[in-house]
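S.K.: any chance you can model this:
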Amino acid sequence: MAPTHDLFDRTFALIQGALPPTADLERQGLKRWRAALEAIPGGFCIFDQEDRLIFFNHRYREVYPKHSEFLRIGERFEDMLSVGVARGEFADAIGREEEWIGNRLAQHRNPCGPIEQKLSDGRWLRIEERRTPHGDIVGLRSDITIQKEIEVKYRRDKERFQGFADTAGDWLWEMDANFRFTYFSENVERIVGVPAAWHYGKSREELLGEEASSEFWQRHFQSMREHEPFRDLEYLRTGTGVEPQWLRISGKPFYDAEGNFAGYRGCGSDVTERKLTEERLRQSEAKLLHAQKMEAVGQLTGGIAHEFNNLLAVIQGNAELLDELGVVAESSQFTSAILRASKRGADLTQRLLAFSRRQPLWPQSVNTCEMVSGLSDILQPTLGETINIQSIAPKGLWNAFADPGQIENALLNLALNARDAMPYGGELTIACANFTLDEDSSVDGSEIAAGDYVVLSVSDCGKGMSEDVQKHAFEPFYTTKEVGQGSGLGLSMVYGFAQQSGGLATIYSEEGKGTTVKLYLPRAPSKTDNQEKPKVEAVPRGQGETILVIEDDPQVRNLAEMMLQNLGYRVLSAEDAITAHQSVDSHPEIRLILSDVILPGGKNGPEFADELRVTHPEITIIFMSGYPVEAAKNNGFLGSDSVLLNKPFRVAELAKAVSKVLH
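M.R.: Residues are numbered from 1 along each chain as shown. Take a look at the predicted model:
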């Protein structure tokens, strides 16, 4: 159907060119014109120069049902209008009748374009009026109710869509066939900080700048030129004065009614928080895997240290016996060399145990300020004149709760590493500071308890480490030094000591700039009783008491027998719990048993001891093991009141333990 204003134009032209004077209508073929005007799909009317109705079709009356009977030939337009207003025909006139009539008369007498009129029954009319060359007014009323309903629905849908677009977490966008933006929802300004209108007329390439030339974006632009849809394309938005922001965009092409490519429509969102969360999760997973690996390596090294201690016990004990016996005077230098090597081996196992967090510690309140200040004098001769040592120990520093000997050992290891990283000299800084970790924070992503810590840091200006080296730096036996220049246990010992002390060790390094290692040690309680190590005393000797040695390793067993015999004890031996039971039953004179924790035959030392306490409560037991006391107790091997000798032990240590138990 042709638009009503086009129809009116054609009708008006017809009337304007052919309509004869009123008196001659019937003579010129009134019936033909009436039939034509009756066929018009709308209310048609003609008013003369005096504004009286001189012609109308039947649809004109149908348009105004409330005052249709008053629409008669010869009636003035103003009178008909007043009747319609009085009968409530026009919705917009209700409550302002005179004003509305005045406005409508002005529109009618000076027609200048179509107007829209709402009737009280809900219908909408489009009124088009024009003057003929004769001064008559020709009018057409068309029902546009359906069109208005469509417009209202369209407007509401548009408002609804705009509301969704402006309040959604994503923004919406559209670009034309030339890939230039023609629309952005208003919320884009809230999300990316740039007004929607600023994007209009620009292409994405222009918005990206130099970054658009990257392979990533060139592939994307090529796919758009091929009219390919895309989904969840993520990129990092950067620029001068712009906070880095991860954005995600999706889009698909759209086409016009003829099927021609018209552009793209899509959405975008800020995924920065999700990307940061994913990165934090990735780092946490990496740290967890690293911690699990370090724990596994720690268990392995602890086991190696245990076996190694058995070997050292044999070597060291036999060397001591040879030295005490003085079999050949000329051999003393060799036994001394064996003892020194054994001591170095024992130190090595202590480092292994330090990493695996199984070494015995003597934690106490330590004045780290005094310790750091006093280290310079000790370290300077060791590090050499080319190293300048700076100590930073501020006032008000808390005491740390840790083993002071192990703190010094850790700082010494770190200082030596720093020296090796600066072969041509440089500055070494040893600093300490107070640090409080709250419940919602972490250090380097690691999980340590919230609370107060004393932080000891050792920094150098050496060659630094790569990221890959930093990942492995705390692992035992990992080293970048030449063969023979390092065991790779220094940093692992520091790491294990910090962990065992309830703290943390971290490392930060940049290649060509230097390295900083930090030790986080728990703050000491306000009142801490320092634990003192046993004083050195004379080696006590036995009075012929009988001692049973239970050890499955024949070399260790023989060594223990000889040590005890040299100390003045009578010694019996057994290789397992079954043999030991037989010895106890047949030798009531046994006063004490020296037993390994791990025994063959399905029954270990502590289980044998439990049975013995029932049948022979008078016999006391000393355990020996390559595992330190705390590790053995934590593993359930020993009770809290058990006595244990750590392998390898010296004659003096064995003598004091036996004497203490017997007397």
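S.K.: next one: phi and psi at the residue most central in space within the chain?
M.R.: The chain has Arg280 as the residue nearest its centroid, 2.2 Å off, counting by C-alpha atoms, centre = their mean. The phi and psi torsions at Arg280 (degrees, to the nearest 10) take the values phi -60, psi -40.
S.K.: from Asp420, how far off is it?
M.R.: As defined by C-beta to C-beta, to the nearest Å, Arg280 lies at a distance of 34 Å from Asp420. C-betas here are computed from N, CA, C, even on glycine.
S.K.: can you show me the helices along the stretch 251-400 of the chain?
M.R.: Secondary structure of the stretch 251-400 of the chain by DSSP state H, counting those that start in this stretch: the helices cover 272-325, 332-355, 368-383.
S.K.: mean pLDDT lowest for which of these?
M.R.: Mean pLDDT per stretch puts helix 332-355 lowest among the helices of the stretch 251-400 of the chain, at a mean of 61.
S.K.: quick one: average pLDDT of the helix or strand harbouring Leu236?
M.R.: For Leu236, the host element (DSSP states H and E) is strand 230-237. For strand 230-237, the mean pLDDT works out to 92.
S.K.: what about Phe216, how many residues nearby?
M.R.: Phe216: 11 surrounding residues under other C-beta atoms under 10 Å.
S.K.: check the one 4 residues further on too.
M.R.: Counted with other C-beta under 10 Å, residues neighbouring His220 total 18.
S.K.: just confirm it contacts Phe230, I think it does.
M.R.: Yes. Judged on C-beta atoms under 8 Å, His220 makes contact with Phe230 at a distance of 6.9 Å.
S.K.: residue ranges with poor pLDDT in the stretch 401-550 of the chain?
M.R.: 440-442, 444-447, 476-490, 527-537 (pLDDT under 70).
S.K.: beta-bridge partners for the residue lying closest to Pro404 once chain neighbours are set aside, please?
M.R.: With C-beta to C-beta, 6 or more residues apart in numbering as the criterion, Pro404 has its nearest non-adjacent residue at 4.8 Å, and that residue is Val366. With DSSP bridges as the criterion, the beta-bridge partners of Val366 are Ala400.
S.K.: spit out the contact partners of Val366.
M.R.: With contact set as C-beta atoms under 8 Å, 6 or more residues apart in numbering, Val366 has these partners: Asn399, Ala400, Phe401, Ala402, Pro404, Ile407, Ala524.
S.K.: care to break the protein down by domain?
M.R.: Using automatic domain parsing, the domains assigned to the chain come out as 4-143, 159-270, 282-355, 364-522, 546-662.
S.K.: quick check: end-to-end length of the second one?
M.R.: Using C-alpha to C-alpha, to the nearest Å, the gap from the first to the last residue of domain 159-270 comes to 24 Å.
S.K.: now do that domain: distance to the chain's middle.
M.R.: Offset of domain 159-270 from its chain centre (C-alpha atoms, centre = their mean, to the nearest Å): 27 Å.
S.K.: cool, the first one as well?
M.R.: Per C-alpha atoms, centre = their mean, the displacement of domain 4-143 from the mean C-alpha position of its chain is 74 Å.
S.K.: now that domain: average pLDDT?
M.R.: pLDDT averaged over domain 4-143 gives 83.
S.K.: with distance to Glu149 as extra columns, can I get the domains of the chain in JSON lines?
M.R.: Below are the domains of the chain laid out as JSON lines (distance: least, C-beta to C-beta, whole Å):
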{"stretch": "domain 4-143", "distance to Glu149": "8"}
{"stretch": "domain 159-270", "distance to Glu149": "16"}
{"stretch": "domain 282-355", "distance to Glu149": "56"}
{"stretch": "domain 364-522", "distance to Glu149": "57"}
{"stretch": "domain 546-662", "distance to Glu149": "82"}
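S.K.: out of the ones you listed, nearest to Pro540?
M.R.: domain 546-662 (3.8 Å; C-beta to C-beta).
S.K.: contact partners of stretch 411-422?
M.R.: Under C-beta under 8 Å, 6+ apart, the answer for stretch 411-422 is 371-372, 375, 379, 382-384, 386-387, 428, 430, 456, 458-464, 481, 485-486, 490-491, 493-494, 514-515, 517.
S.K.: need the contact list for Lys110.
M.R.: Just so we're on the same page, residue 110 is Asn rather than Lys. With C-beta under 8 Å, 6+ apart, Asn110 has no contacts at all.
S.K.: distance check, it against Arg104.
M.R.: In terms of C-beta to C-beta, Asn110 sits 12 Å off from Arg104.
S.K.: do the same with Ala657
M.R.: Taking C-beta to C-beta, one finds Ala657 at 119 Å from Arg104.
S.K.: kindly report the same for Trp171.
M.R.: 46 Å.
S.K.: also Ser269?
M.R.: Applying C-beta to C-beta to Ser269 and Arg104 gives a distance of 52 Å.
S.K.: so between these two, which is more surrounded?
M.R.: Remark: of Ser269 and Arg104, Arg104 carries more neighbours, 21 against 18, as counted by other C-beta under 10 Å.
S.K.: the closest residue to that one other than its chain neighbours: how many residues sit nearby?
M.R.: Nearest residue to Arg104 in three dimensions, chain neighbours excluded: Leu81, at 6.1 Å (C-beta to C-beta, 6+ apart). Leu81 has 20 neighbours, counted by other C-beta under 10 Å.
S.K.: residues touching Leu81, list them.
M.R.: Leu81 touches Ile101, Arg104, Leu105, counting by C-beta under 8 Å, 6+ apart.
S.K.: among these, name the ones in strands.
M.R.: Using DSSP state E, no member of those sits in strands.
S.K.: could I get those as CSV with distance to Leu437?
M.R.: Formatted as CSV, the contacts of Leu81 follow (distance: C-beta to C-beta, whole Å):
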residue, distance to Leu437
Ile101, 82
Arg104, 81
Leu105, 85
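S.K.: on that earlier part again, check for me that the residue nearest to Arg104 belongs to a strand.
M.R.: No. Using DSSP: H, G, I helix; E, B strand; the rest coil, the assignment for Leu81 is helix, not a strand.
S.K.: that one and Glu75, how far apart?
M.R.: Taken as C-beta to C-beta, the span from Leu81 to Glu75 is 10 Å.
S.K.: return a PyMOL selection command for the buried portion of the contacts of stretch 411-422.
M.R.: To isolate the buried members of these in PyMOL, using 16 or more other C-beta atoms under 10 Å:
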select buried, resi 371+372+375+379+383+387+428+430+456+458+459+460+461+462+463+464+486+490+491+493+494+514+515+517
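S.K.: before we move on, the earlier item: buried only: go through the contacts of Val366 for me.
M.R.: Asn399, Ala400, Phe401, Ala402, Pro404, Ile407, Ala524.
S.K.: could those residues be laid out in a markdown table, adding distance to Thr182?
M.R.: Output for the buried ones among the contacts of Val366, formatted as a markdown table (distance: C-beta to C-beta, whole Å):
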| residue | distance to Thr182 |
| --- | --- |
| Asn399 | 69 |
| Ala400 | 66 |
| Phe401 | 68 |
| Ala402 | 68 |
| Pro404 | 73 |
| Ile407 | 69 |
| Ala524 | 69 |
